[in-house]
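A.B. asks: Here is the input, now give the coordinates:
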Amino acid sequence: QVPLGIRNALPRAWRSATQQLLCYDWDTHAFYQISLQTKHIEQLPQLNKIAGLTYLPQHDALIYGKIGVSLLYLSETVDLMVYSFQTGK
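C.D. replies: Alright, predicted model coming up:
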């Protein structure tokens, strides 16, 4: 057990490439990663407004759903996306 000093957070994935924990803050709806060694927190604004995620350790990438709105059908949409930590895209 490692006390991190963070609150209102939901751990979502272990980023094995950097040994960081990916977390979701349910108060701010923000994603960030935290080092368990140094306790350094890095915000991940590129992951705001996403639904679910799966980490792919062999590619250091995330698969997630991006939430949007369809004006044509007046409904919420979720597009399947991939985010590479190596390229930042």
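
A.B. asks: Go ahead and flag the most central residue of this structure.
C.D. replies: Centroid-nearest residue in the chain, with C-alpha atoms, centre = their mean: Phe31, separated by 4.8 Å.

A.B. asks: unless I'm mixing things up, it is touching Leu10, no?
C.D. replies: No - contact criterion C-beta atoms under 8 Å: Phe31 and Leu10 do not qualify, at 10.0 Å. Where C-beta positions appear, they are placed from N, C-alpha and C, glycine not excepted.

A.B. asks: rewinding a little: check contacts around the residue nearest to the centre of the chain.
C.D. replies: Contact partners of Phe31, counting by C-beta atoms under 8 Å, 6 or more residues apart in numbering, are Arg12, Leu22, Cys23, Tyr24, Asp25, Gln43, Leu44, Leu47, Asn48, Ile50.

A.B. asks: So among those residues, which ones count as buried?
C.D. replies: Arg12, Leu22, Cys23, Tyr24, Asp25, Leu44, Leu47, Ile50 (16 or more other C-beta atoms under 10 Å).

A.B. asks: Among those, find me the one that's closest to Leu80.
C.D. replies: Comparing the buried ones among the contacts of Phe31 against Leu80 with C-beta to C-beta places Ile50 closest, at 10.7 Å.
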